[in-house]
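**Q** Okay, here's the prediction I keep looking at, along with the sequence it came from:
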Amino acid sequence: MRLLRMVMIQGMAWLLVLSMPLGLLTGTLLQILLVQTTLMVWDKKEKSERWMHLALSGLLAWQLSIPASVHAALYDALIFAVLWLIFGAVDQDRVPLYLSSRLACECLEQQLPASAKIWVDLGCGNGQVLAWMASRYPGISFLGVEQAWVPWLWACWRCRQLQNCTVLRGNLWNISLASADVVYAFLSPAPMTALWHKVNAEMRPGTWMVSNSFAVPDVKPAQIVDVGQTLQTRLFCYELGRS
Ligand SMILES: C[S@@+](CC[C@H](N)C(=O)[O-])C[C@H]1O[C@@H](n2cnc3c(N)ncnc32)[C@H](O)[C@@H]1O
């Protein structure tokens, strides 16, 4: 309601100003005057709204002052920045953001070895798997690593009250898996061979890698768990040092 009113006031003032043959500076000043007077007459209580209108007037004036080509470039840059913040370097990793289902979480829970002390989600997205597991197993330490800023922030927020859960922002290829008992990955076919080399080089024999949907080429899993969804999701479970 408040937003609608702001847009209406700004819109009416700008329509009026743009219909007059005024320079940018005079137009902007007149627009600010119109908006502030409207607010004073219409709603005396909302002082904070006046500052928002002032900022909006300045922003609109600045936008009108820049050439259309620069404008388009700025919007392109903005869209690129937003996509990068949400999806990270998808072009390099070839791993998009999609999330494990609730059913997959339940199956993961059943795959948890009794002796597990450290469980890692490589590319933890918005942290939903981490939070699900960490809230059920307070005696186990959970670690998530995520390279994209928005999912990472979301994961931190989601896990903020879970003492046994840490969410790192960074590249999964740079973290050591030496102390992990189980690593979970829901990535894509592209990095599976490299991931297999990494887990074998760093993890102890008898520990586990569980991959959602994507098998390691030419390696036989110790177990395949059918999650039982319409997408026919499967968890490929590899016991290291034994495959
Ligand atoms: C398919 S999503 C899975 C999210 C979560 N694990 C789940 O199961 O719901 C894969 C995630 O891995 C992240 N990712 C891809 N490459 C990565 C890398 N090199 N380092 C850290 N995270 C990465 C992506 O940003 C994305 O959020």
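**A** On my side now, so go ahead.

**Q** Tell me the spacing between the residue nearest the centre of the chain and residue 124.
**A** Nearest to the mean C-alpha position of the chain, counting by CA atoms, centre = their mean, stands residue 151 at 2.1 Å. For residue 151, the distance to residue 124 equals 8 Å [CB to CB, to the nearest Å]. C-beta coordinates here come from the backbone N, C-alpha and C atoms, glycine included.

**Q** For residue 141, name its beta-bridge partners.
**A** Per DSSP bridges, the residues bridged to residue 141 are residue 118.

**Q** Could you check which residue of this structure lies nearest the ligand?
**A** Distances between the chain and the ligand by CB to the nearest ligand atom are smallest at residue 123, namely 2.2 Å.

**Q** Is it correct that that residue is in contact with residue 152?
**A** No. Counting by CB atoms under 8 Å, residue 123 sits too far from residue 152 to count as a contact (10.4 Å).

**Q** contacting residues for the residue of the chain closest to the ligand?
**A** Residues in contact with residue 123, defined by CB atoms under 8 Å, 6 or more residues apart in numbering, are 95, 145-147, 172, 185-187.

**Q** How about residue 85?
**A** When contacts are counted by CB under 8 Å, 6+ apart, residue 85 touches 148-150.

**Q** what's the answer for residue 107, then?
**A** Residues in contact with residue 107 (CB under 8 Å, 6+ apart) are 225, 227, 235.

**Q** show me where pLDDT drops low in the protein?
**A** For the chain, applying pLDDT under 70 flags the ranges 1-2, 22, 42-49, 63-66, 68, 71, 229-230, 242-243.

**Q** what ranges do the strands span in it?
**A** Along the chain, the segments classed as strands by DSSP state E run 118-122, 141-146, 165-169, 182-185, 208-212, 223-226, 234-239.

**Q** Pipe these into a markdown table and attach distance to residue 103 and mean neighbour count per row.
**A** A markdown table is the format used below for the strands of the chain (distance: least, CB to CB, whole Å; neighbours: other CB atoms under 10 Å):
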| stretch | distance to residue 103 | mean neighbour count |
| --- | --- | --- |
| strand 118-122 | 17 | 24 |
| strand 141-146 | 20 | 25 |
| strand 165-169 | 21 | 20 |
| strand 182-185 | 15 | 24 |
| strand 208-212 | 11 | 23 |
| strand 223-226 | 10 | 13 |
| strand 234-239 | 10 | 20 |
